[in-house]
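Chemist: Below is the structure, and that's it, no one-letter string:
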Ligand SMILES: *Cc1c(COP(=O)(O)O)cnc(C)c1O
C-alpha cells in the first residue's frame, strides 16, 4: 500500500489476489493459444488503469476505448500491444502510427488518412477491421466490405492484423439465437476477406459473456472486460455458465472494494428528519453516522433511503438523501461504532457483502455503470 489509508476519507482497494485468480481462471478456460486481451477502458472499469495494467501480466494485450488511454499505458511503461476500440479523430491518426498501436478500423475516411500517413512515413500501421454483424454500432456492413477489401489490397502498409465483431445480445439473455446469427454473419464476412487474399492473424468476437458461455466465439483472441475484475456480465450469463458447468464452483472473485470512514456520530431524537427534502423521519431515538462520501464520488443519489453500508461487520441503512459529498446512515443497532471506523460501501466486511449488482438494481442500471462512475480521482490502492 503506497498511501497512508488512515489519511483517506474515501478510497478503493483492489485485491491483487482476486484479480490474478480471475485472469488465471480465464487462461484455463481459453487455453494457452488464444490471445487474452484485457479490456481496460474507462479507467479499467473503475479499478484504476495503471493499477490493473501492473497486475495483468497474465493478459497478452490490452484493449482501450480512446487514444489517450493507449498513450497513458505507454507512458506508464507498458509495452504490450494495445488495441484502440473507439473512434479516433482523423487529426490524431498520426499518433496511432507513432505509438505503434493497433486500431479498430470502420470508416473509409480513417482508412484513407492512415494510408496517406503510412505511405509518407514508410511505416506500417496495424488495423483490426470491425465488422457489422447485427449490433449496428461501429462496423463495416456487408455492402461496404468490398471497398475495404480493395483498399487493403492496394495499401499494404495498412496491415489487416485483425478482424472482429461485437455481440448485441449475449449477456441479456440465455437464448443465443441472435448471437448465432451474428456469428454466422461474421464467419461469412471473414470468408470474403480470405477470398480476397486478406488473412488477418487475429480473429475475435468474444466479450466476457461470450468467453464464458459460447466457446465457439473464442477464435484466437478474446476481449475480456468486466469478468476479469471478478463480476459476471449478468445473471443470465451466470445461469448459462452454471447450467453448462454444474460441477464447477463459482469461479470469479470481485477485485474492488470501496471504503470510507465514519466522520461524525450523533444521537437524534425520535421524530427527527434526516437530510435534504426531509425524506426520512426517525421513529426512535437514532444514532446517525455521517460518512464523507456522496454522489460526486459516484455514490449514486438513487441509493437514498435504499442502500446499506457495512460497519463493524453489520449492515447500516442509508437514511435520507445522499448529498453531494455526505451520506447519513443509521447505526443505532451497532453500538460499537466509533469515529473513524472503516465503512464498506461496496465489497465485503466480515460475512456481509454489498455487491455492485445490488447497487445497480437500486439505481435502475447495470453494475458496469456503478463501477465506471466511481469518481476516477479517488485513490485506488492495490492490496494483496
Ligand atoms: C467493452 C467491450 C468489451 C468488453 O465487454 P465485457 O462485457 O465487459 O467483457 C469487448 N469488446 C468491445 C468492442 C467492447 O467495447
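Modeler: In hand now; what should we look at? In this text the structure is predicted, and so the values were computed from the model without any measurement.
Chemist: dump the residue contacts of the residue sitting nearest the centre point of the chain.
Modeler: Central residue of the chain (C-alpha atoms, centre = their mean): residue 45, 3.2 Å from the mean position. Listed by C-beta atoms under 8 Å, 6 or more residues apart in numbering, the contact set of residue 45 reads 39, 225-226, 229, 368, 371-372. Heads up, the C-betas are built off the backbone N, CA and C, glycines and all.
Chemist: Near the ligand, which residues of the chain are found?
Modeler: 39, 41, 85, 166, 207-209, 223-227, 233 (C-beta under 6 Å from any ligand atom).
Chemist: Give me the buried stretch members for stretch 156-169, please.
Modeler: 157-167, 169 (16 or more other C-beta atoms under 10 Å).
Chemist: pLDDT value on residue 247, please?
Modeler: Looking at residue 247, its pLDDT stands at 81.
Chemist: Please, which helix or strand holds it?
Modeler: Following DSSP states H and E, there is no helix or strand that holds residue 247.
Chemist: ok so, going back, which members of the residues of the chain next to the ligand occur in strands, if any?
Modeler: 39, 223-224 (DSSP state E).
Chemist: Please report which of these has the highest neighbour count.
Modeler: Counting neighbours by other C-beta atoms under 10 Å, the top entry in those is residue 224, with 26 neighbours.
Chemist: doesn't residue 29 make contact with it?
Modeler: No. Using C-beta atoms under 8 Å, residue 224 makes no contact with residue 29, being 9.9 Å away.
Chemist: any shared contact partners between those two?
Modeler: With C-beta under 8 Å, 6+ apart as the test, residue 224 and residue 29 both reach residue 211.
Chemist: Identify all contacting residues around the least confident helix or strand in the chain by mean pLDDT.
Modeler: Least confident helix or strand of the chain, by mean pLDDT, DSSP states H and E, is helix 235-244 with a mean of 91. Applying C-beta under 8 Å, 6+ apart, the external contacts of helix 235-244 come out as 170-174, 208-209, 212-213, 232, 248, 250, 357.
Chemist: Equivalent analysis for stretch 22-41, please.
Modeler: 45, 49, 52-53, 56, 58-66, 69, 73, 83, 85-86, 202, 204, 207, 211-212, 218-225, 227-230, 251-253, 255.
Chemist: Just the ones of those residues in helices?
Modeler: 45, 49, 52-53, 69, 73, 211-212 (DSSP state H).
Chemist: How about the residue in the stretch 201-350 of the chain that the ligand sits nearest to: what's its closest non-neighbour residue?
Modeler: When distances are taken as C-beta to the nearest ligand atom, the stretch 201-350 of the chain reaches nearest to the ligand at residue 225, 2.1 Å away. In space, residue 225 comes closest to residue 39 once its chain neighbours are excluded; the distance is 3.8 Å by C-beta to C-beta, 6 or more residues apart in numbering.
Chemist: cool, and residue 376?
Modeler: Using C-beta to C-beta, 6+ apart, the closest residue to residue 376 is residue 43 (5.0 Å).
Chemist: Then residue 370 would be within a helix, right?
Modeler: Yes. Read with DSSP: H, G, I helix; E, B strand; the rest coil, residue 370 is one of the residues of a helix.
Chemist: give me every residue that touches the residue nearest to residue 380 when sequence neighbours are not counted.
Modeler: For residue 380, ignoring the flanking residues on the chain, the nearest one in space by C-beta to C-beta, 6+ apart is residue 48 at 3.4 Å. Taking C-beta under 8 Å, 6+ apart, we find residue 48 in contact with 12, 14, 380, 382.
Chemist: So for the second one, what's the pLDDT?
Modeler: What the model reports as pLDDT for residue 14 is 98.
Chemist: Now do the domain split for the chain, please.
Modeler: 16-244, 256-383 (automatic domain parsing).
Chemist: just so I know, which of these lies nearest residue 8?
Modeler: Counting by C-beta to C-beta, residue 8 lies closest to domain 256-383 out of these; the figure is 6.1 Å.
Chemist: one step back: what is the nearest of the buried residues of stretch 156-169 to the ligand?
Modeler: residue 166 (4.2 Å).
Chemist: Can you report phi and psi for that closest one?
Modeler: Phi and psi for residue 166, reported as degrees, to the nearest 10, are phi -140, psi 140.
Chemist: per-residue confidence at it?
Modeler: Residue 166 is given a pLDDT of 95.
Chemist: Can you tell me how far it is from residue 360?
Modeler: According to C-beta to C-beta, to the nearest Å, residue 166 stands 22 Å off from residue 360.
Chemist: hmm, back to that, moving C-terminal from the least confident helix or strand of the chain, which element do we reach first?
Modeler: strand 256-261.
Chemist: How about the helix or strand following that next one, which residues are buried there?
Modeler: Counting by DSSP H and E, the element after strand 256-261 in chain order, helix or strand, is strand 264-268. Across strand 264-268, burial judged by 16+ other C-beta under 10 Å covers residue 268.
Chemist: where does the stretch 201-350 of the chain dip in pLDDT?
Modeler: 250 (pLDDT under 70).
Chemist: So residue 117 versus residue 96, what's the distance?
Modeler: From residue 117 to residue 96 the distance is 9 Å (C-beta to C-beta).
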